[in-house]
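Visitor: Predicted structure and sequence below. I'll ask about it afterward.
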Amino acid sequence: MNKIIIDGTDAVLGRLASYAAKQSLLGKEVIIVNCDSISIMGNRKNVIGEWHHAARRGGASLKGPAIPRKNTEKIVKRTIRGMLSHQQKRGEDALDRIMCYPQIPEEFQAEEKISMARTSRSKSIKLKELSKHL
């Protein structure tokens, strides 16, 4: 089985998640490192407000998604899960092939990593900073 290691430093969350989901569906094991440094594009205030709204569970019976709040690797994994058909066997297997780490573990230090860093420096917020506000 092929293994892909993706460095999340300065990568855009949606682009990284869609790439990881597709590679996992193709049968490759995907390892995402430096989840703390992944960026979400947009105005800082608006991004934090949208995540607060998405994380709020409403209604009489409190139905709704349980959005992860503090773990950046769980936020990334949840984003990838939204791009897979996780209720079917194929999507469930693809999600099992994805591993996320907040830093670079020792076993992956020497291995080659794919960088998905963006080149433009427009408005964005890092996942580590977002998780502090949730």
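Guide: Looks like it came in fine.
Visitor: drop to CA atoms for contacts and neighbour counts, all remaining ones
Guide: Will do.
Visitor: quick one: contacts of stretch 92-108?
Guide: 20-21, 24-25, 27-36, 72-74, 76-77, 80-81, 84-86 (C-alpha atoms under 8 Å, 6 or more residues apart in numbering).
Visitor: Need phi/psi at R121.
Guide: Main-chain torsions, R121, degrees, to the nearest 10: phi -110, psi 60.
Visitor: helices and strands around the host helix or strand of S131, which ones?
Guide: Here S131, judged by DSSP states H and E, is contained in helix 127-133. Applying 3 or more C-alpha pairs under 8 Å, 6 or more residues apart in numbering; DSSP states H and E, one finds that helix 127-133 contacts helix 72-81.
Visitor: In terms of secondary structure, what does the helix it packs on contact?
Guide: So helix 72-81, by 3+ C-alpha pairs under 8 Å, 6+ apart, packs with helix 13-25, strand 98-100, helix 127-133.
Visitor: again, 10 Å this time
Guide: Helix 72-81 sits against helix 13-25, strand 29-33, helix 89-96, strand 98-100, helix 127-133, with contacts defined as 3 or more C-alpha pairs under 10 Å, 6 or more residues apart in numbering; DSSP states H and E.
Visitor: Distance-wise, check E92 relative to S120.
Guide: 34 Å (C-alpha to C-alpha, to the nearest Å).
Visitor: neighbour-wise, which of the two wins?
Guide: Each of E92 and S120 has its neighbours counted (other C-alpha atoms under 10 Å); E92 has more, 15 against 6.
Visitor: mind showing which ranges of the protein have poor pLDDT?
Guide: Applying pLDDT under 70 to the chain flags residues 1, 55, 57-69.
Visitor: wait, what's in contact with Q88?
Guide: Shown in contact with Q88 (C-alpha atoms under 10 Å, 6 or more residues apart in numbering): no residues.
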